[in-house]
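Enquirer: test case, fold it:
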Amino acid sequence: MLVLAVCAVLLSGCAARTVTADREPVAERQVRVTTTTTMITDAVHRIGGDRVQVTGLMGPGVDPHLFKASARDVRLLRDADLILYGGLGLEGKMGDLLADLAARQPTAAVTDGIPHTALLTHPGSPEPDPHVWFDVALWEDCARTIADRLSALDPQHADVYRVNLDSYLAELTGLDAEVRERIAAVPPGQRLLVTSHDAFAYFGRRYGIEVAAIQGISTAAEATTADVERVAELLASRRVPAAFIETSVPRQTVDALLAATAERGFRASIGGELYTDSAGEPGTPEGTYTGMVRKNAELIASALGAPGREG
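Expert: Residues are numbered from 1 along each chain as shown. Predicted structure coming up:
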């Protein structure tokens with residue numbers, strides 16, 4: 001009985017210090033966080049600061065819907081103190097792996113804190129739309145979840161995460177207002193955002209612009225000729241000047257769309273390349289979440305006829 005009591009004390013002490021057999025206590029080193037998408041990686045850097053060592057599995061231009069984890073990726077996930085991913089089916093081919101890891105180590109979807117009533121659903125899709133980051137207010141919910149998870153794992157530094165979170169939220173509030181103002185400058189008759197796949201439904205709802213996509217919410221579903229013709233008719237009838245390609249999706253479907261639109265007697269152009277399922281290159285403004293959203297808003301507004309910014 002004495003041996004059992006001692007073991008119980010030792011085990012409880014280890015749990016309280018958040019330590020495993022082969023690691024120092026988390027409070028005495030950086031927290032190892034492995035993330036999936038670039039947007040999550042950036043947010044963890046912002047909220048965790050010097051307290052975290054972040055490893056992102058997906059780089060710029062990588063499509064999370066189609067991403068398959070390599071043996072190296074699996075090792076990085078298993079070595080993490082905390083795994084953070086998008087959820088809602090975003091990392092489609094990693095679903096079983098993430099579920100298995102969640103039973104073994106701290107793992108969370110950053111979308112867990114979003115109220116279910118705020119999520120959008122699409123006909124034929126078993127999951128809600130995962131592209132929540134295009135509604136900046138919903139991304140604030142994701143940021144809070146990240147801070148909560150870090151604080152739970154590393155409670156001795158919870159104040160650090162709270163200060164960093166508050167700073168990040170203030171920046172996001174400003175970004176939200178900036179995007180709303182820029183999209184509002186587009187002439188009402190031209191507020192139609194046409195893209196390759198349906199990643200901008202939250203953006204459209206939040207910022208007051210209609211959205212039409214050739215593919216569904218996952219790039220795993222191929223576009224059909226009927227899809228192209230449907231969107232071409234909308235583009236031509238509304239005489240919207242531009243459609244957009246995406247950094248993480250091949251442009252062939254949009255090229256086919258513009259050809260089909262021209263056959264209807266109206267010529268639209270490529271309005272620019274939008275960041276959708278990943279941010280830009282590290283070290284560039286677009287390599288951050290705020291930078292990619294800001295760049296997208298400017299491209300959309302400019303291509304659809306909004307006056308240029310003053311100054």
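Enquirer: now do the SS call for Gly283.
Expert: Under DSSP: H, G, I helix; E, B strand; the rest coil, Gly283 falls in the coil class.
Enquirer: if I look at it, how far off is Leu274?
Expert: In this view, Gly283 and Leu274 are 20 Å apart by C-beta to C-beta, to the nearest Å. Placement of C-beta: from N, CA and C, glycine included.
Enquirer: neighbour-wise, which of these two wins?
Expert: For Gly283 versus Leu274, the count of surrounding residues by other C-beta atoms under 10 Å is larger for Leu274: 24 against 7.
Enquirer: need phi/psi at the more buried one.
Expert: phi -90, psi 150 (degrees, to the nearest 10).
Enquirer: same check on Ala213?
Expert: Backbone geometry at Ala213, expressed as degrees, to the nearest 10, gives phi -130, psi 150.
Enquirer: who touches it in this structure?
Expert: Val194, Thr195, Ser196, His197, Asp198, Ala199, Phe200, Val231 (C-beta atoms under 8 Å, 6 or more residues apart in numbering).
Enquirer: count the neighbours of Ala268 for me.
Expert: When neighbours are counted by other C-beta under 10 Å, Ala268 registers 21.
Enquirer: scratch that, Tyr168 is what I was asking about
Expert: Around Tyr168 there are 22 other residues, counting by other C-beta under 10 Å.
Enquirer: in space, what's closest to it - neighbours in sequence excluded?
Expert: Closest residue to Tyr168 apart from its sequence neighbours, by C-beta to C-beta, 6 or more residues apart in numbering: Arg46 at 4.8 Å.
Enquirer: now swap in Ala232 and tell me
Expert: Spatial nearest neighbour of Ala232, excluding adjacent residues (C-beta to C-beta, 6+ apart): Ala260 at 3.6 Å.
Enquirer: go on, Leu235?
Expert: Nearest one to Leu235, counting by C-beta to C-beta, 6+ apart, is Thr261 at 4.9 Å.
Enquirer: tell me who's in contact with the nearest residue to Pro106 once chain neighbours are set aside.
Expert: Leaving out its chain neighbours, the residue that sits closest to Pro106 by C-beta to C-beta, 6+ apart is Leu82, at 4.8 Å. By C-beta under 8 Å, 6+ apart, the residues touching Leu82 are Val31, Arg32, Val33, Thr34, Pro106, Thr107, Ala108, Arg149, Leu150, Leu153.
Enquirer: parallel or antiparallel, which strands does the strand or helix carrying the fourth one pair with?
Expert: Yep, that's Thr34 we're talking about. Assessed by DSSP states H and E, Thr34 sits inside strand 31-35. Next to strand 31-35 in the sheet, as set by DSSP bridges, lie strand 52-56 (parallel), strand 82-85 (parallel).
Enquirer: what's the biggest helix by length in the chain packed up against?
Expert: The residue-count maximum for a helix in the chain (DSSP state H) belongs to helix 158-184. Helices and strands touching helix 158-184, as assessed by 3 or more C-beta pairs under 8 Å, 6 or more residues apart in numbering; DSSP states H and E, comprise helix 38-48, helix 136-153, helix 201-207, helix 289-303.
Enquirer: so after that helix, what's the next helix or strand?
Expert: strand 192-195.
Enquirer: what lies in contact with that next one?
Expert: Strand 192-195 is contacted by residues 200, 203-204, 209-214, 231, 234-235, 238, 240, 242-246, 254, 257, 274, 276, 300, 304 when judged by C-beta under 8 Å, 6+ apart.
Enquirer: now, which of these lie within helices?
Expert: Judged by DSSP H, helices contain the following of these: Phe203, Gly204, Val231, Leu234, Leu235, Arg238, Val254, Leu257, Ile300.
Enquirer: state the pair within these that is farthest apart.
Expert: Phe203 and Leu257 (19.2 Å; C-beta to C-beta).
Enquirer: tell me the phi and psi of Pro64?
Expert: phi -70, psi -20.
Enquirer: pull up the gap between it and Leu274, please.
Expert: From Pro64 across to Leu274, the span is 16 Å (C-beta to C-beta).
Enquirer: ok, now Gly48?
Expert: 28 Å.
Enquirer: buried stuff in the helix or strand harbouring Arg75?
Expert: Arg75 is located in helix 71-78, with elements delineated by DSSP H and E. Of all the residues in helix 71-78, those buried under the rule 16 or more other C-beta atoms under 10 Å are Asp73, Leu76, Leu77.
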